[in-house]
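Engineer: Following is a predicted model, sequence given first.
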There are 2 protein chains.
Amino acid sequence: MKTRDKILLASLELFNERGERNTTTNHIAAHLAISPGNLYYHFRNKSDIIYEIFQEYEKLVDYYLDIPEDRPLTVADMTFYLESVFDGLWSYRFFHRDLEYLLDCDPRLRSDYRDFTNRCLAAMKTIFEKLAEAGIVQKQPEELREVMALNIWLVVTNWMAFLKTAHASTGDEGLSLTALKQGIYQVLTLEMPYLMPEYRDEVMSLRERYRPVLPEQRDSDVA
Amino acid sequence: MKTRDKILLASLELFNERGERNTTTNHIAAHLAISPGNLYYHFRNKSDIIYEIFQEYEKLVDYYLDIPEDRPLTVADMTFYLESVFDGLWSYRFFHRDLEYLLDCDPRLRSDYRDFTNRCLAAMKTIFEKLAEAGIVQKQPEELREVMALNIWLVVTNWMAFLKTAHASTGDEGLSLTALKQGIYQVLTLEMPYLMPEYRDEVMSLRERYRPVLPEQRDSDVA
DNA sequence: CTATTATTAGAGTATATACTCTACTCAGTC
DNA sequence: GACTGAGTAGAGTATATACTCTAATAATAG
């Protein structure tokens, strides 16, 4: 593997583990047992590394959110979207953690990220629309779809951060895949009131699969 | 005003304006035209300043979320809760911005913040319960109240961050009070499906007051 | 008036961070 | 077999950051 790619990979790994703020270019170089100079031979600065990682993230999510035009959506599609998005969020979780600072540092990133957000919101609106066409959820006015998409976006992108703040430990230890996927439970709860009777049971039992094991888990580890 | 209090005030101001990460103790001292040594006479370290500011924040929100036990809740109460919480969020907006890092730095803060979150969620659950008793929203099972409260928490605490990322500018310029209060529109949209017919019109017209002026505002400032 | 304590200034320190510079290696190539 | 240029090492730099130390001054109590 090329050094350049190794740098990207190691950066992502360290950013996710310890946060971008706590990861210096020297750390990255040391982790790869290369010199800082070498790192700066491949990247002009830290921002460029972050920007490239973001572009990977963007590409991945865009790929996940591809919507078939030739057929109606199914509940399985919806499951896939939810699972994929949370997987992507996990793989690049450092990004949303320090989002505001990162955007302040790099105007390119700010602009690209805004476009990215808008694409995601548009995709979600389309998904709603197609779910309605498929008779899975009720047909909603354009405006409501818009606001709903935004609410789901907020829940999805901040679920991980919530879990981290809700846990006693500092690192990733407390973050199980079960807990992460419980975010899907939260999202499906938002959709619940809009389900069509014909699909209600199916979606509800799907939702059930993501229910937290212990309902009061969050309180169980109070000091 | 005592120097100690001035330090807290200036810190909050600078944190909110430029972010905690971009605000050093030297900046704070310079802003007040006092020496760094003086600042460190009053506070052992930066974490202590942040911790005290958090305690103010906590106190304010706890005060806002006080729930009357002797009478049923009204739509006016709900409005007050929403308005107050967003006001508080605005006054201490630096806090949620760098939350994860701040909690990583200070175990006291982590623990206190978790308790704070749980208190807020509990308050929200109680509010739902009392709104149901008052016949404003449908009576819901305990479990649903819990999940709903969490979703609203996510929307409320991250609405500001979303607005900042959605705008082209770096600082606070793009953040109008109108935009901020649009968060209330988002929250009321979540509650919408659970409204009782008797109060539906009243709450819906309340919601209407917070509707964004331009539906596609987010796209209007694309570079 | 004096002794003590609270408050302040301001220079100084240890450490870290992003990044630079110079020099070296070594694989390919004409 | 000299030449080129991508790749690498590693010491070095400018700056910043959180924080300390010493000494001076203002306030207050006895």
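Structural biologist: That came through fine.
Engineer: Please make it C-alpha for all contacts and neighbour counts, starting now.
Structural biologist: OK.
Engineer: Which residues in the helix or strand harbouring A:F54 does the neighbour count mark as buried?
Structural biologist: Taking DSSP states H and E as the definition, one finds A:F54 inside helix A:46-64. Across helix A:46-64, burial judged by 16 or more other Cα atoms under 10 Å in any protein chain shown covers A:49-51, A:53-54, A:57-58, A:61-62, A:64.
Engineer: which residues sit against stretch A:188-199?
Structural biologist: Contact with stretch A:188-199 is made by A:135-138, A:152, A:204, A:207, B:147-148, B:190, B:193, as judged by Cα atoms under 8 Å, 6 or more residues apart in numbering or on different chains.
Engineer: Just give me the residue closest to the centre of chain A.
Structural biologist: Relative to the mean C-alpha position of chain A, the nearest C-alpha, by Cα atoms, centre = their mean, is the one of A:L89, at 2.6 Å.
Engineer: what's the spacing between it and A:G19?
Structural biologist: Per Cα to Cα, to the nearest Å, A:L89 is found 14 Å from A:G19.
Engineer: Let me know whether stretch A:39-57 sits next to DNA strand C.
Structural biologist: Yes - with Cα under 7 Å from any atom of the strand as the measure, stretch A:39-57 is seen reaching DNA strand C through A:40, A:44-47.
Engineer: can I assume the residue nearest to the centre of chain A is in contact with A:T157?
Structural biologist: Yes - contact criterion Cα atoms under 8 Å: A:L89 and A:T157 qualify, at 7.4 Å.
Engineer: ok, so what distance separates A:R207 from A:I184?
Structural biologist: Counting by Cα to Cα - A:R207 and A:I184 are separated by 7 Å.
Engineer: Looking at those two now, which is surrounded by more residues?
Structural biologist: More neighbours surround A:I184 than the other of A:R207 and A:I184, with 25 against 19 (other Cα atoms under 10 Å in any protein chain shown).
Engineer: and that one, what pLDDT?
Structural biologist: Model confidence at A:I184, given as pLDDT, is 97.
Engineer: And the one 5 residues further on, by the same measure?
Structural biologist: The per-residue pLDDT reported for A:T189 equals 97.
Engineer: Quick check: which element contains it?
Structural biologist: Residue-wise, A:T189 maps onto helix A:177-191 under DSSP H and E.
Engineer: Can you point out the buried residues in that helix?
Structural biologist: Neighbour-count burial for helix A:177-191 [16+ other Cα under 10 Å]: A:179-191.
Engineer: Please state the offset of that helix from the chain centre?
Structural biologist: 12 Å (Cα atoms, centre = their mean, to the nearest Å).
Engineer: Restricting to C-alpha, output the helix or strand following it in PDB.
Structural biologist: Once the chain leaves helix A:177-191, the next helix or strand it forms, by DSSP H and E, is helix A:197-208. These are the backbone C-alpha positions of helix A:197-208, laid out as PDB (Å, rounded to 0.1, in the frame of the first residue of the first chain):
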ATOM      1  CA  PRO A 197     -51.900   0.000   8.400                       C
ATOM      2  CA  GLU A 198     -50.900  -2.600   5.800                       C
ATOM      3  CA  TYR A 199     -47.200  -2.200   6.700                       C
ATOM      4  CA  ARG A 200     -47.500  -1.200  10.300                       C
ATOM      5  CA  ASP A 201     -46.800  -4.600  11.800                       C
ATOM      6  CA  GLU A 202     -43.800  -5.300   9.500                       C
ATOM      7  CA  VAL A 203     -42.100  -2.000  10.300                       C
ATOM      8  CA  MET A 204     -42.900  -2.200  13.900                       C
ATOM      9  CA  SER A 205     -41.300  -5.600  14.200                       C
ATOM     10  CA  LEU A 206     -38.300  -4.300  12.300                       C
ATOM     11  CA  ARG A 207     -38.200  -1.500  14.800                       C
ATOM     12  CA  GLU A 208     -38.400  -4.000  17.600                       C
END
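Engineer: what's the angle from helix A:197-208 to helix A:177-191?
Structural biologist: Note on geometry: by axes from the mean of the first three to the mean of the last three Cα atoms, to 10 degrees, helix A:197-208 and helix A:177-191 are set 150 degrees apart in direction.
Engineer: Could I get the average pLDDT for helix A:197-208?
Structural biologist: Here the average pLDDT along helix A:197-208 is 96.
Engineer: What of stretch A:105-122?
Structural biologist: 95.
Engineer: who touches it?
Structural biologist: A:47, A:51, A:58, A:62, A:65, A:102-104, A:146, A:149-150, A:153, B:165-168, B:219, B:222-223.
Engineer: Give me every residue in chain A lying close to DNA strand C.
Structural biologist: Checking chain A against DNA strand C by Cα under 7 Å from any atom of the strand, the hits are A:21-26, A:36-38, A:40, A:44-47.
Engineer: ok, now with 6 Å
Structural biologist: A:24-26, A:36-37, A:40, A:44-46 (Cα under 6 Å from any atom of the strand).
Engineer: would you list those residues in CSV and tack on secondary structure, distance to A:T3 and pLDDT?
Structural biologist: What follows is the residues of chain A next to DNA strand C, written out as CSV (DSSP: H, G, I helix; E, B strand; the rest coil; distance: Cα to Cα, whole Å; pLDDT from 0 to 100):
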residue, secondary structure, distance to A:T3, pLDDT
A:T24, coil, 17, 89
A:T25, helix, 14, 91
A:N26, helix, 15, 89
A:P36, helix, 12, 88
A:G37, helix, 13, 86
A:Y40, helix, 11, 92
A:R44, coil, 14, 89
A:N45, coil, 15, 90
A:K46, helix, 15, 92
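Engineer: Of those, which is the most crowded?
Structural biologist: Neighbour counts for the residues of chain A next to DNA strand C peak at A:T25, which has 19 neighbours (criterion: other Cα under 10 Å).
Engineer: surely that one meets A:S47?
Structural biologist: No - using Cα under 8 Å, A:T25 makes no contact with A:S47, being 10.4 Å away.
Engineer: okay, now A:P141: neighbour count?
Structural biologist: For A:P141, using other Cα under 10 Å, the count is 9.
Engineer: ok, it to A:M148 distance?
Structural biologist: Distance from A:P141 to A:M148, by Cα to Cα: 11 Å.
Engineer: Equivalent analysis for A:V203, please.
Structural biologist: 18 Å.
Engineer: can you check A:R119 too?
Structural biologist: 15 Å.
Engineer: Now list the buried members of the contacts of stretch A:105-122.
Structural biologist: Looks like the contacts of stretch A:105-122 have A:51, A:58, A:62, A:65, A:102-104, A:146, A:149-150, A:153, B:165-168 buried, using 16+ other Cα under 10 Å.
Engineer: so A:L121 is in which element?
Structural biologist: helix A:107-133.
Engineer: Name the residue in A:R119 and A:M148 with the higher neighbour count.
Structural biologist: A:M148 (21 against 14).
Engineer: Show me chain A divided up by domain.
Structural biologist: A:1-43, A:46-220 (automatic domain parsing).
Engineer: export those domains to CSV and tack on distance to B:A10?
Structural biologist: Below are the domains of chain A laid out as CSV (distance: least, Cα to Cα, whole Å):
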stretch, distance to B:A10
domain A:1-43, 24
domain A:46-220, 21
